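> below is the sequence, then the predicted model.
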Amino acid sequence: MAMSGNGSAVVPAEVDVAVVGAGFSGLYMLYRLRELGFSAMAFDEAGDVGGTWYWNRYPGARCDIPTTDYSYGFDPQLEKDWTWSEKYATQPEILAYLQHVADRYDLRRDIRFGIRITAAVWDEASRRWRLRTSHGDEVSCRYYIMASGCLSLPKTPDIEGVDRYRGEVYLTGRWPHDRVDFSGKRVAVVGTGSSGIQCIPLIAREAARLTVFQRTPNFSVPAHNGAPPPDRLARLAADRDGYREAARWSRGGIPVELTDVSGVTAPEDVRRQRFEGAWQAGELFAILGVFNDQGVNPVSNELVAEMIREKIRAIVSDPDTAEALCPKDHPFGTKRPCLDTSYFETFNLPHVRLVDLRRTPIVTVTEAGINTVEESFEFDAIVFATGFDAMTGPLVSVAVTGAGGVTLEDKWEHGPATYLGLMTTGFPNLFMITGPQSPSVLSNMVVSIEQHIDWTADCLQRLRAENLDRIEPTPLAEAGWVQHSRDCADITLYPRANSWYMGANVPGKPRVFLPYIGGVDAYRRACQEVAENGLMGFRLDGPAGARCHDGVIRRIQPDVAIVLDLMASLGLPPVETMNVADARAFAEATAATMPPGPAVGEITDAVLPGPAGDVAYRLYRPPSAGPHPLIAYFHGGGWVLGSQHSDEPFCRDLCLRTGAVVISVNYRHAPEDRFPAAADDAFAAVQWMAANAAGLGGIPGQLTVAGWSAGGSLAAITCQLARDAGGPDIASQLLLTPVTDCDLGRASYSGNGEGFVLTAALMRWFWDHYAGEADRANPKASPLRGTLAGLPPAVVVTAEFDPLRDEGEAYAEALAAAGVPVRHIRARGHIHTSLTMVDAVISGAPVRAEMAEALGSFRPAPVQI
Ligand code: N01
């Protein structure tokens, strides 16, 4: 093998695997590769192991995950050998730990320090990567692994005049190895993220004067550092393997108990108690988990945020400074919260001053200090704690050219696209450890690192065993994962913040949510399923041939998946096995557990005259002054279940979104009243509403007929009956996942017939109760079989994982073919019930918004009387 020199160390010309980075990731990766018998070499720009803990040596640098958990779990013996001195260890102690790991497994012999990989080019002919080092060497490898960390590329301070300053300059992310002495000096710290918040109290202890330049105040809670938590130590001692396994399958990589207390509904004393407990615990996952809905519900989030602000106001003596330190521009948690030791207290010291850059922005850095719009400051030293080009920065800082000559930077111009955060299409055999769209920075990094490395190592071993040597994700699989990752973020409050999670801290960086927020447990399950399904979504090639089991690993909306998991865990009996009375009681009990939906202006109950007696209805009126458009609404429940209030959350939501009076009608139900009783009542109700529009507060001529499921069928039928009867005039129809036909043989019946709440068996049960065989094909039961020309404009919503999807699609297509204006909304990743589960299935909200907008587009001008 050709070798070239690199000082005393030798850089091999060829290895099986090249690894970039010698921090937590690189060290464990090397360990696994060596164990599997691959030849491997790691490269790191640093002078020794440690990664982020090599560079971030600023005073006060510590981990913010308890050390009991911020440790490797792969070797029980290693855990026995090492004892942490503190709950949150200092940087020197963590660095010593990583040095110990390097020594213990003799890893340094396969690491070249002081070397940067500057470029990597994929050579398709040899199916190898060619890497170029900062020393000019070339290394050829089959697999190229970026274990380069998520927060390893410091952001250059983007402040005017920064190069002009003549005093001492420090960057927290590149701190000198020799001790920096601030005694007697006038010091500035720019930036109040985790790094700033950790170093400010310690710099204040030495400096003669400390001025903190804050652009955005950050949420921080006291770390309450001290000895490692005795309860955790005891749990580890009692059952180390169980504890580590629980961490692997937890939400954030630490086994913590999740709460079911909602901030919105909890009484005040419970809220306080939970918050105080989390404040005292001094742990990120405690304060991030005060309420189960604080990450998704702004009201719940604000409760936690305000309780933290109260603490800040109580700690900081000067009210103006306290107010300036109170974060108000982002929901709590959506920027990484900090753990501190005496951070807010530091601002009570007479020689420490806060400069609020929102009020007095920096104009320029000068030779002697910093000028704001109001003042000139002189300093002996400036510390920039201004953060990192996170997650993608370290990956694209290497000039990586993949198959077809495309660079990674170009491919990710509009944001990163990965499959599982592990690989990216067009860059075969390139693995990323904790890459974008993996849990990484939202989790205990060590647990996520070990999971990625184990998956990668297993994958390489499998390729070798199967005589394959090329792996690349397919475009379909990658697009699916990017979509899923975005879906997970979109149901949370995180995309609202200008955070580094969103790439918002680096000018010009695309604004996309970078990590995967679905949870370490959900993520691990997805990776495992991919592996178990023949490395689904990867194209594999090699001497053994080529193969690909293409597909998308997660197509269902993440919150819908949670609902389905929950229902499965309850082991409920199928509705179609119950008698009608029990089924109705069950449906009512289930509806009672749902959030009630948003508040509307008024809700009233009354009756209207039907063909067989009074028909009860519930009216939802918007808070705005009327008159309003009217919506006649028919609830779901397969003609058998439900009532005028069973779809209350959806009716409230519809009322607010459309600004219409919604009147939900309790038509007669089967089996007591079979076909066509429900349709007759529905039509009578619509006739009555049209005749009484003004009295109901409606705008004459603006009547929409709407319904969900079997109620959608009634809405469609009503429109046909009204057309045939020459009135009343119906302005539009809204058919939400409607029943339109009695043919149960369509593909969606078999594909989605089980496991998505509404089952094929249940639909059969509904039909059997409602209509005999002879009646089912009647257009008054199967509107798809009616004449469709001349019907009102329609909004048809179908859900991807609904047995009724195809008949809904068929109806939308048939309406369009008959010349009826149609807006067909396909609810991607949704099930039959998800859009009516207002506030429980948050991902349904954009679909309902689109639905309301579509209805609005069909709204005629008010009729002048
Ligand atoms: O960086 P940051 P960090 N003018 O981006 C400000 C991890 N970490 O190094 O918010 C003025 O959070 C910027 O202001 P704004 C942890 O995950 C962990 O502190 O952009 N100010 C912000 O206040 C953390 O989240 C630990 O308005 C400017 C600050 O600089 C991540 O690393 C310790 C500015 C940057 O904060 C990054 O933390 C340290 C400008 N031009 C870090 N540009 C542990 O405890 C930026 N700022 C384990």
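Looks like it arrived, so ask away. Remember, it's a predicted structure, so these values are computed and weren't measured experimentally.

> who's in contact with the closest residue to G282 other than its chain neighbours?
Once flanking residues are discounted, G282 sits nearest to H224: 3.4 Å by C-beta to C-beta, 6 or more residues apart in numbering. Placement of C-beta: from N, CA and C, glycine included. Contacts for H224 (C-beta atoms under 8 Å, 6 or more residues apart in numbering) come out as 87, 280-282.

> was I right to think I453 contacts R32?
Yes - under the criterion of C-beta atoms under 8 Å, I453 makes contact with R32 at 5.8 Å.

> neighbour count winner among the two?
I453 (27 against 21; other C-beta atoms under 10 Å).

> got phi/psi on that one?
phi -70, psi -40 (degrees, to the nearest 10).

> repeat that for R823.
Backbone torsions of R823, given as degrees, to the nearest 10, read phi -110, psi 110.

> look up the closest residue to the residue of the stretch 701-850 of the chain found nearest the ligand, ignoring the ones flanking it.
Residue nearest to the ligand within the stretch 701-850 of the chain (C-beta to the nearest ligand atom): I842, separated by 25.4 Å. The shortest distance from I842 to any non-neighbouring residue, by C-beta to C-beta, 6+ apart, is to I491 (4.3 Å).

> the one you found: how many residues sit nearby?
By the measure other C-beta under 10 Å, the count of residues near I491 is 22.

> now do the contacts for it.
296, 557-559, 842-843.

> ranking these by neighbours, who comes first?
Tallying neighbours with other C-beta under 10 Å puts Q557 at the head of the contacts of I491, with 28 neighbours.

> quick one on the thing from earlier: was I right to think the residue of the stretch 701-850 of the chain closest to the ligand contacts V296?
Yes - between I842 and V296 there is a contact at 5.9 Å, judged by C-beta under 8 Å.

> how much space between the residue nearest to I842 and N297?
11 Å (C-beta to C-beta, to the nearest Å).

> of the contacts of I491, which pair is most distant in space?
The span of the contacts of I491, defined through C-beta to C-beta, is set by V296 and Q557 at 13.1 Å.

> I'd like the average pLDDT over stretch 666-681.
In this model, stretch 666-681 carries a mean pLDDT of 98.

> buried residues, that stretch. List them.
For stretch 666-681, the neighbour count (16 or more other C-beta atoms under 10 Å) marks 666-670, 673-681 as buried.

> ok, of these, which one's closest to the ligand?
Distances from those to the ligand were compared by C-beta to the nearest ligand atom; the smallest belongs to N666, at 53.7 Å.

> for the nearest residue to the closest one once chain neighbours are set aside, give me the pLDDT.
Of all residues not flanking N666 in the chain, Q644 sits nearest, at 3.9 Å (C-beta to C-beta, 6+ apart). Per-residue confidence (pLDDT) for Q644: 98.

> any low-confidence regions in the stretch 51-200 of the chain?
Low-confidence segments of the stretch 51-200 of the chain, defined by pLDDT under 70: none present.

> now do the contacts for the residue in it positioned nearest to the ligand.
As assessed by C-beta to the nearest ligand atom, the ligand sits closest to G193 within the stretch 51-200 of the chain, at 2.2 Å. By C-beta under 8 Å, 6+ apart, G193 lies in contact with 218, 335-336, 338, 385, 387.

> most widely separated two among the residues you listed?
Within the contacts of G193, K335 and A385 form the most distant pair, 14.3 Å apart (C-beta to C-beta).

> contact partners of stretch 162-178?
For stretch 162-178, the external contacting residues (C-beta under 8 Å, 6+ apart) are 55-58, 61, 151, 154, 157, 180, 191, 195-196, 199, 364-369, 379-388.

> residues near A592, how many?
Counted with other C-beta under 10 Å, the neighbours of A592 add up to 8.

> how far away is it from F586?
Relative to F586, and taking C-beta to C-beta, A592 is found at 11 Å.

> repeat that for A9.
A9 sits 70 Å away from F586, going by C-beta to C-beta.

> equivalent analysis for P611, please.
P611 sits 30 Å away from F586, going by C-beta to C-beta.

> ok, the two, which is more surrounded?
A count of neighbours by other C-beta under 10 Å puts F586 above the other of P611 and F586, at 15 against 11.

> for that one, pull up the helix or strand it's in.
Using DSSP states H and E, F586 sits in helix 580-592.

> count of neighbours near the residue nearest to T392 when sequence neighbours are not counted?
Ranked by C-beta to C-beta, 6+ apart and with sequence neighbours excluded, the top spatial neighbour of T392 is P416, at 5.2 Å. Counted with other C-beta under 10 Å, residues neighbouring P416 total 23.

> output the lowest mean pLDDT helix or strand found in the protein.
When the helices and strands of the chain are scored by mean pLDDT, DSSP states H and E, strand 3-6 comes last with a mean of 36.

> list the buried residues in the helix or strand following that strand.
Remark: after strand 3-6, the chain's next helix or strand is strand 9-12, criterion DSSP H and E. Across strand 9-12, burial judged by 16+ other C-beta under 10 Å covers 11-12.

> report all helices and strands that strand 9-12 contacts.
strand 3-6, strand 111-113 (3 or more C-beta pairs under 8 Å, 6 or more residues apart in numbering; DSSP states H and E).

> the helix or strand following the shortest one pairs with which strands, and in what direction?
By that I understand strand 111-113. Counting by DSSP H and E, the next helix or strand C-terminal to strand 111-113 is strand 117-123. Strand 117-123 pairs in its sheet with strand 128-133 (antiparallel), strand 399-401 (parallel), by DSSP bridges.

> what residues of strand 117-123 count as buried?
Buried residues in strand 117-123, counted by 16+ other C-beta under 10 Å: 117, 120-122.

> next one: stretch 614-629
Buried positions in stretch 614-629, judged by neighbour count with 16+ other C-beta under 10 Å: 615-622, 628-629.

> can I get that stretch in CSV? Just the C-alpha atoms.
This file holds the C-alpha atoms of stretch 614-629, laid out as CSV (Å, rounded to 0.1, in the frame of the first residue of the first chain):
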residue,chain,number,x,y,z
ASP,A,614,-89.3,17.5,14.9
VAL,A,615,-85.6,17.3,14.0
ALA,A,616,-83.2,18.6,16.6
TYR,A,617,-80.3,20.9,15.6
ARG,A,618,-77.5,22.8,17.2
LEU,A,619,-76.5,26.2,15.9
TYR,A,620,-73.0,27.7,16.1
ARG,A,621,-72.8,31.4,15.4
PRO,A,622,-69.5,33.3,14.8
PRO,A,623,-68.6,36.0,17.3
SER,A,624,-68.7,38.7,14.6
ALA,A,625,-71.8,40.8,13.9
GLY,A,626,-74.2,39.1,11.4
PRO,A,627,-75.8,38.3,9.2
HIS,A,628,-73.5,35.5,8.1
PRO,A,629,-73.5,32.8,5.4
